[in-house]
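Predicted structure and sequence below. I'll ask about it afterward.
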Amino acid sequence: MTSRPISGASHSHSHYPPPSSSAGASFRGCCCCLFLLFSFLALLVLAVVLVVVLAVKPKKPEFELQQVAVQYVGINPTTASSATVSLAVRMLFAARNDNKVGIKYRESRFSIMYRGIPLGRGAVPGFYQPAHSVRRIETIIAVDRVSLLQADAADLLRDASLNDRVELRVVGDVGAKIRILGFTSPGVQVSVDCTIGISPRKQSLIYKQCGFDGLAV
């Protein structure tokens, strides 16, 4: 009896199905769901903040130069075409917050100038102001023997000796942020611009005129 060879038995191969793409699709689906969830939460928080802002109706901060006291003024000619200026001016600022929420002020710096020439600077440290409050802050601008040359020195000596009135300009930017439910608003800036006239003989203030340039966000 002859046995029949089993055809193709030695050439059989195992065939496996291609890897499934279900894992990648699930990962992409989870990322899409998380993105939609975070987008919804962000829009929800923004809507809540907008509702609170509309309900509170925040107002701009008021920062006013309330008082100016001249502590010392010294103007000395050094040569025929130059002079030195020394002075100390105490300034009292009043910050008023009429809002229902607090205001956080950053450090503010003020410069005192004569005919556009910077003479000295003063600083007001940063502070937090509660709602419906008024806070007074004091700073002193000191000028120590700043030299003026030629025409500026001649103008200063004439103003001091003939007119007994030296006009100075105080400028500075006050930065603040309004805090609502733990959220801080973008920076709000108020520019202070004051003109003061002082009497070197009497060592006193003659007049003060202030203006505000408005808001800059």
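Alright, I've got the coordinates.

Tell me which residues touch the residue positioned nearest the centre of the chain, please.
The centre of the chain sits closest to residue 175, judged by CA atoms, centre = their mean, with a distance of 3.3 Å. Residue 175 makes contacts with 105, 106, 108, 187, 188, 189, as judged by CB atoms under 8 Å, 6 or more residues apart in numbering. For every residue, glycine as well, the C-beta is placed using N, CA and C.

Pull out the buried members of those.
By neighbour count, with 16 or more other CB atoms under 10 Å, these hold 105, 108, 188, 189 as buried.

Mark which of these are part of strands, please.
105, 108, 188, 189 (DSSP state E).

Could you measure from the residue nearest to the third one when sequence neighbours are not counted over to residue 105?
On the basis of CB to CB, 6 or more residues apart in numbering, the spatially nearest residue to residue 188 that is not a chain neighbour turns out to be residue 176, at 5.3 Å. According to CB to CB, to the nearest Å, residue 176 and residue 105 sit 5 Å apart.

Next: residue 63.
Taking CB to CB, one finds residue 63 at 8 Å from residue 105.

what are the ranges of the helices in this structure?
For the chain, the helices defined by DSSP state H cover 22-56, 150-158.

Which of those helices has the lowest mean pLDDT?
Mean pLDDT per stretch puts helix 22-56 lowest among the helices of the chain, at a mean of 64.

What is the nearest of the ones in strands among the buried ones among the contacts of residue 175 to residue 167?
Checking these against residue 167 with CB to CB, the nearest one is residue 108 at 22.9 Å.
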